[in-house]
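*Asks:* Sequence and predicted structure below; questions after.
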Number of protein chains: 6
Amino acid sequence: MNVRTVFDLINTVAPFDTQMEGDNSGLLVGSPSREVRSILFALDVTGPVIDEAAALGADLIVTHHPLMFSAIRSLTDETYEGRLIRRLVREDISLIAAHTNLDGASGGTNDTLAALCGLVEITGEGFFRSGFLPEPMTVRAFADLLGENLETTVRVMGPEDRMVRRVGLCSGSGSSEWIRALEAGCDAFVSGEIRHHHALAMADAGIAAFECGHFATEEPGLAALAEALQNSLNHVECNVRVFVSAVSAYSFPRIP
Amino acid sequence: MNVRTVFDLINTVAPFDTQMEGDNSGLLVGSPSREVRSILFALDVTGPVIDEAAALGADLIVTHHPLMFSAIRSLTDETYEGRLIRRLVREDISLIAAHTNLDGASGGTNDTLAALCGLVEITGEGFFRSGFLPEPMTVRAFADLLGENLETTVRVMGPEDRMVRRVGLCSGSGSSEWIRALEAGCDAFVSGEIRHHHALAMADAGIAAFECGHFATEEPGLAALAEALQNSLNHVECNVRVFVSAVSAYSFPRIP
Amino acid sequence: MNVRTVFDLINTVAPFDTQMEGDNSGLLVGSPSREVRSILFALDVTGPVIDEAAALGADLIVTHHPLMFSAIRSLTDETYEGRLIRRLVREDISLIAAHTNLDGASGGTNDTLAALCGLVEITGEGFFRSGFLPEPMTVRAFADLLGENLETTVRVMGPEDRMVRRVGLCSGSGSSEWIRALEAGCDAFVSGEIRHHHALAMADAGIAAFECGHFATEEPGLAALAEALQNSLNHVECNVRVFVSAVSAYSFPRIP
Amino acid sequence: MNVRTVFDLINTVAPFDTQMEGDNSGLLVGSPSREVRSILFALDVTGPVIDEAAALGADLIVTHHPLMFSAIRSLTDETYEGRLIRRLVREDISLIAAHTNLDGASGGTNDTLAALCGLVEITGEGFFRSGFLPEPMTVRAFADLLGENLETTVRVMGPEDRMVRRVGLCSGSGSSEWIRALEAGCDAFVSGEIRHHHALAMADAGIAAFECGHFATEEPGLAALAEALQNSLNHVECNVRVFVSAVSAYSFPRIP
Amino acid sequence: MNVRTVFDLINTVAPFDTQMEGDNSGLLVGSPSREVRSILFALDVTGPVIDEAAALGADLIVTHHPLMFSAIRSLTDETYEGRLIRRLVREDISLIAAHTNLDGASGGTNDTLAALCGLVEITGEGFFRSGFLPEPMTVRAFADLLGENLETTVRVMGPEDRMVRRVGLCSGSGSSEWIRALEAGCDAFVSGEIRHHHALAMADAGIAAFECGHFATEEPGLAALAEALQNSLNHVECNVRVFVSAVSAYSFPRIP
Amino acid sequence: MNVRTVFDLINTVAPFDTQMEGDNSGLLVGSPSREVRSILFALDVTGPVIDEAAALGADLIVTHHPLMFSAIRSLTDETYEGRLIRRLVREDISLIAAHTNLDGASGGTNDTLAALCGLVEITGEGFFRSGFLPEPMTVRAFADLLGENLETTVRVMGPEDRMVRRVGLCSGSGSSEWIRALEAGCDAFVSGEIRHHHALAMADAGIAAFECGHFATEEPGLAALAEALQNSLNHVECNVRVFVSAVSAYSFPRIP
């Protein structure tokens, strides 16, 4: 199995041509013909993640966020991104990013987040999902539930004693999607980053906002992609190992 | 004392012509010649804030964030902003916004935040400030200090056991200023909203990030402006009352 | 009957979604749910027109020309437009503008102008109309006829002794439409404002131009809209009164 | 004396490098080295003006308005402008345009218009001039005076019985300059073409507007340039004849 | 037969509406109704070509390259292009350019070039053509063949001893089309001008490049158009003579 | 000695901040702190040049033309440029490009070319140089001289029997500089690539054009830079070896 084959498998789950204009999902570093024996899934390429890949003998890293989101004109040790890309090349590790194509995919980032919010009767399209809590609960109680399920700090914007019944959500920095929560009749909205003016507009509309952090709302979707790939591989009894990064979100690099 | 006079006093503290290109600080609603007897200071104009102003008999609201940040072509009850502006006109309340001109001012938003972070030897220019903690403390301890001083939830991005000594900061959604924290040799950076890719770059540089919420990092600066104005007024024994909004950040409108 | 209902009736006659790109026709000030008992029609919102509306007890003004044609970022007494909009809000008068959607409508601005020019066999599309004079007459005689029918000063561009038989027209500042008069075989063209270089090109093509003033060519179309609305209201025996402004085109504001 | 020499003389009176961005004043057709024996001055190049030049034996036409204001990519008999340029080339007549450089020049278009309005104590810069009437008169009386002095039809926008004392003006399609009339404390404004929304704003400001036609406000400036050039030539006893076009403004072409 | 008729005949062979965006093919100078007795075909309008046309009594020049490719705002003897256009007008010679519409036409510039390269089984679309040499030959031998057939100097970019079998080509400055040669499996590419970075990329792909000069690759196509037109005229026994310019490509003007 | 030191030495000869806007000269691949023992100079990075560097043990390649002239968003084996950059990283070879900063430098690309043309009394600025031949010679003879000195094929545009005395030049694709040759009174112009319309304009102006190929006009300047660097190194008795590429300009890659 080579990099191209893995790319094609991911493409089945989260087609790359569905990515948003300006995104940079796809095969970013490496060679389509490179043989793959181990794959590491991580939200981002960072120094500690490359260390982890090297330690695991991974030939391929699959991330959510792309490198070279801004196009580059040099590749040197003088920049953070330059150092990351040069290490990937030198260690012969390929890199595939599945970003906005994964956000919108069935079973992707937002579907995974909806499940972790404990929602039922989930609907939605694009990057937005909404659903019902099995039983209404207070804003405070729902914030506690989110903190536990997503293993994160939750910032609440709205009165803590209101009741929550219908929840809209968009992972990552998706607070502009709140308007669809309004259209859907939600009384709560969950996202990774919530812009202040969106929070004000939500308050005016009687919607409580729950800011859960970028990593906590997106990483589970990446892990779900890893699992989906593992299942595909098991199906063909392929001898490729799949890992999900165990490195903390914003861990510091080793002191060399 | 009329609206123009208050405008001029604020202009002395935070000159309006220092605002960033594209900002909309200034007299936004009302009449320069309108007499002023009471002023309400608030981070934002919202429905509950106008209720508060009306209850207090305030003729003027001074906020940090402008209305009409995006220029408008109609003024109807069909939009949130339209409803706010129409209420201001009907209740004859003027509105002045001091936004990026206050962020950079001496004694303004960022200087106030730096003091609340407990920093000493504070320096900086533009919207960035940095300083030292009197004694080094762990990331975890500094996060607790911030939570207490700013009365907010703090999201920590970085290892909790590292020591913090020199702190950079920028209020609101100012995480792009982290690069100046790097240049200044900081090991911590405080802001209201922190973009994920900035947090990754900070981690690579060994800087711990503390996301404290937009309101919590900016509201104190507005209160400081109110106090500065009160002092000016006391100086001239002027019979104008100054209030700081006691409404919660993202409170919901009253059910009519 | 409320503002929304009047909007819908006008929309039947002159659909708002036919307006040109960049135009600002529609409900510009007020509230769709506001009850309407009296409506004042005028070419423009001006101080004297608002005086007139207030005196008549009108809840709604319908004009041809929009306010906020250039989008605004403040609403103060410091600008002419700001003063107009603030008075409308304070006196709780809504404002609907029917501009380019009325120009092109059947029975709208240009059809009305064509009738006042005394034309027969009228055809045309968009903002252009053409037709025949019942009997040929000289340029001078046609100018006199226009002056009388439109109650205006007429500026003639072309030789006064030529005969006019087929006439093209476009109300307001519509002289770029002269090219369609050429295509239609006209020997005369009528508009409100005629650009000099259009007049030169018309002369070269043997077309006499008649500049009749912006107000004189457009106000009759607005009055026709008022009449159409009155007829609709009569049909449903609705108790809403309709007025057409009697204020002179460029009257000065009262000295306060 | 050749075309270049005439160009240089005009350049002394109305420097070509003072023209507005986007204007096309200068030597537009012909050859700098072409000998000149007769010059015809006219507001515009038109078919009848070229006829006139040919009849007079003029080697050079000097106009106010440029040709090729919009740049061209072909030169054929299929367009009005193409026919004009081709005739100039075939009859070996050069063309110089002095447009916005003449408008602003001392003794140029606007100074000439100010004198024809009967003003005294004339001041101004750019394209704007203002001055006083020797004695106050009514709007109606001033309109009659303009009609007589400029030999034109005058459209009045404002109440006819107001008194006029201080007058601002800008020739041609210059009504956006009205704001400088306001700043100068004028109660009247004269121009060739007056846009409707400028007229409304003037009425609000208590300024009466007088629309006198493009040709009538600009042609006198061109004739003044002819006279200035004649004086220069007389000074050097040069044997070059100077004519001012006697063709009507918008005369039709001869029937071939 | 007039200019319009010739235009229509060329349009049949190389439809003008197939020209590339930004091109300026068409009737550029003259009059559609001008009678035509002789036509001169040339790659470009130059001074010597107009001399030649005048000597031949040609009423019309048909070229490949347009004049006024950049739109003009004056027409004087001060520029090379101005002098050319003015001579055409004065000598009453019309000008038609058939540029990118001829490049892509069946039997046009590129089909003619393909035949001169000695290719068989020619295919292609747009401006690209490819075909096979009847027998493989070395790069050196093919360069000699091109030099002889196109009467030009050939610059070879690639190893001289490689074998050439399948050849791609695009006339003029068409080296960006090399990528289609790669797609078509060619081992050689012929053009008039070859950019350095295209040559590098071709070398990497194992394609030898042959730069034959702009004139040498395009002039034969123009001559073919002349012949096609002659055939059409013979067919209708029309008494119009057709010439192909015998002036050298970059000949100098006569010393006057 | 490390990469940064070499960069600084080149910067002394051809300052990088003099490069044209949009150029990409500088350290493009590698690490400033990398130790350098051997340097290879070549006009371009190509596969054969990297082979050569590897064989020579070069740690640094210095070229004239940059990579990543168009910014990139991925780095894979799927593109020519991607393969080149990846090989450089894997073999730990740094890359510095000195492009337009070298073209204009004293002793740089164009000064070197001027010397190879046999010129004396050389002057010029920017990318243009001009000078005199010691003795006048015919166009044909000068073309032969260029062919011999630059080891290239020369395409002549102009009559072969004219005499050449003063020569202007610009290396590479520099034919737009011909206008400065006209201003300088040259009768010949030398460049690497000459656009057809420039050649036509030169012929009209009586200037013969000599197209010598991109590589042949620029490679000598790069070799001169290598020599200048060698001299600097000798001066400090530094143990770094300098090579100039011996690979043919457009050589094909080895068959793997």
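*Replies:* Everything's here; your move. Numbers count the residues shown, from 1 in each chain, chains lettered A, B, ... in the order given.
*Asks:* Residue ranges in chain A under the pLDDT threshold?
*Replies:* A:237, A:255-256 (pLDDT under 70).
*Asks:* centroid residue for it?
*Replies:* When Cα atoms, centre = their mean is applied to chain A, the residue found nearest the centroid is residue A:218 (2.9 Å).
*Asks:* residue farthest from the centroid of chain A?
*Replies:* Computed with Cα atoms, centre = their mean, the most peripheral residue in chain A is residue A:161, at 30.5 Å.
*Asks:* surely it meets residue A:141?
*Replies:* No. The criterion here is Cβ atoms under 8 Å, and residue A:161 misses it with residue A:141 at 10.1 Å. In this view, the C-beta of every residue, glycine as well, is placed from N, C-alpha and C.
*Asks:* May I have the secondary structure class of the residue nearest to the centre of chain A?
*Replies:* When classified by DSSP: H, G, I helix; E, B strand; the rest coil, residue A:218 comes out as helix.
*Asks:* List the contacts of the closest residue to residue A:119 other than its chain neighbours.
*Replies:* Closest residue to residue A:119 apart from its sequence neighbours, by Cβ to Cβ, 6 or more residues apart in numbering or on different chains: residue A:131 at 3.1 Å. Each residue near residue A:131 by Cβ atoms under 8 Å, 6 or more residues apart in numbering or on different chains is listed here: A:114, A:117, A:119-123, A:166-167.
*Asks:* Am I right that the residue farthest from the centre of chain A sits in a helix?
*Replies:* No. Looking at residue A:161 with three-state DSSP, it is coil, so not inside a helix.
*Asks:* Quick one: the strands in chain A, in order.
*Replies:* A:26-30, A:38-42, A:60-63, A:75-76, A:94-97, A:120-123, A:129-138, A:155-157, A:163-170, A:188-191, A:208-211, A:241-244 (DSSP state E).
*Asks:* Show me what the fourth one is packed up against.
*Replies:* Just to be clear, that refers to strand A:75-76. Contacting strand A:75-76 under the criterion 3 or more Cβ pairs under 8 Å, 6 or more residues apart in numbering or on different chains; DSSP states H and E are the following elements: helix A:80-90, strand F:26-30.
*Asks:* JSON lines please, covering these and showing distance to chain C.
*Replies:* Shown next, in JSON lines, are the helices and strands packed on strand A:75-76 (distance: least, Cβ to the nearest Cβ, whole Å):
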{"stretch": "helix A:80-90", "distance to chain C": "38"}
{"stretch": "strand F:26-30", "distance to chain C": "42"}
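*Asks:* Generate a markdown table for these, with mean neighbour count and distance to chain E as supplementary columns.
*Replies:* Listed next are these as a markdown table, based on neighbours: other Cβ atoms under 10 Å in any protein chain shown; distance: least, Cβ to the nearest Cβ, whole Å:
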| stretch | mean neighbour count | distance to chain E |
| --- | --- | --- |
| helix A:80-90 | 19 | 19 |
| strand F:26-30 | 24 | 15 |
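*Asks:* Can you spell out which residues form a bridge with the closest residue in space to the residue farthest from the centre of chain A that isn't next to it in sequence?
*Replies:* Counting by Cβ to Cβ, 6+ apart, residue A:161 lies nearest to residue A:138, which is 5.8 Å off, once chain neighbours are set aside. Beta bridges link residue A:138 to residue A:163, judged by DSSP bridges.
*Asks:* ok, back up a step: list the contacts of the residue farthest from the centre of chain A.
*Replies:* Residue A:161 makes contacts with A:138-140, as judged by Cβ under 8 Å, 6+ apart.
*Asks:* Report how many residues lie close to the nearest residue to residue A:97 once chain neighbours are set aside.
*Replies:* The shortest distance from residue A:97 to any non-neighbouring residue, by Cβ to Cβ, 6+ apart, is to residue A:66 (3.9 Å). A count of nearby residues for residue A:66, using other Cβ atoms under 10 Å in any protein chain shown, gives 22.
*Asks:* So residue A:66 is in contact with residue A:25, correct?
*Replies:* Yes. Under the criterion of Cβ under 8 Å, residue A:66 makes contact with residue A:25 at 6.1 Å.
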